[in-house]
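Asker: whatever this is, show me its structure:
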Amino acid sequence: MKNGWNRDTAFALIILGLFALILPLGIMERSSEKELDALMAKQKEIVSLSGEYRALKENVDFAERKSSLPQIRGVADALDNVSSSLGIRGKIKSVRGVSSREIKGSMNEESAEVLIEKVTLNELVNLFCRIGDAPMILSVKKVTMKKSFESPELLDVTMTMALFTRK
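Answerer: Okay, the predicted model is just below:
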């Protein structure tokens, strides 16, 4: 070669040029892979949070539907509404108001002690199912069961119930 370049020098410059192009591409690829992994982790977290959000929203919507249904005046009225189709209305001997309190400014909780006499276990289970499916927010806080004096198959039940209503 006339200007002092030989094949080895040209080959070395070509290799050096390719290395100068390949090295930044490799660094960019690794950086892109790390960024992709971080984004995929964020996506999994968002999917998980959206599932939790949907479940919580369904629970809140369910509670709001129950609290916006026909206004019940008290635990006695709610219990009468729930037990009317079970045929145990005559077995409910007393409903005694225990307390009433405000919850977080938007709801009221009214508690009452209910005495039911001479009820079968099947009737009691049906009552609990109806309470759970009631169109209002009705909760059983405490239950005490004793055998009836007249028949060992019958139960005398004392329970504390709570009715949650909107203001």
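
Asker: would you map the helices across the chain?
Answerer: Assigned by DSSP state H, the chain shows helices spanning 7-67, 75-83, 121-132.

Asker: which residue ranges make up the domains of this protein?
Answerer: Each domain of the chain is listed here as a residue range: 1-68, 75-166, per automatic domain parsing.

Asker: thinking again about what came up before, would you single out the least confident of the helices of the chain?
Answerer: With a mean of 78, helix 75-83 has the lowest mean pLDDT of the helices of the chain.

Asker: and the nearest residue to Leu121 once chain neighbours are set aside, how many residues sit next to it?
Answerer: What sits nearest to Leu121 in space, not counting adjacent residues and going by CB to CB, 6 or more residues apart in numbering, is Leu155, at 6.6 Å. (Glycine included, C-beta is placed from N, CA and C.) Leu155: 18 surrounding residues under other CB atoms under 10 Å.

Asker: for the residue nearest the centre of the chain, give me its contacts.
Answerer: The centre of the chain sits closest to Leu56, judged by CA atoms, centre = their mean, with a distance of 4.6 Å. Contacts for Leu56 (CB atoms under 8 Å, 6 or more residues apart in numbering) come out as none.

Asker: where's it relative to Lys42, distance?
Answerer: When CB to CB, to the nearest Å is the yardstick, Leu56 and Lys42 sit 21 Å from each other.

Asker: now swap in Asn81 and tell me
Answerer: Counting by CB to CB - Asn81 and Lys42 are separated by 49 Å.

Asker: neighbour-wise, which of these two wins?
Answerer: Asn81 (16 against 10).

Asker: can I assume the more buried one is in contact with Ala134?
Answerer: Yes - counting by CB atoms under 8 Å, Asn81 does reach Ala134; the two are 7.4 Å apart.

Asker: pull out the buried residues from stretch 104-114.
Answerer: By neighbour count on 16 or more other CB atoms under 10 Å, the buried set for stretch 104-114 is 110-114.
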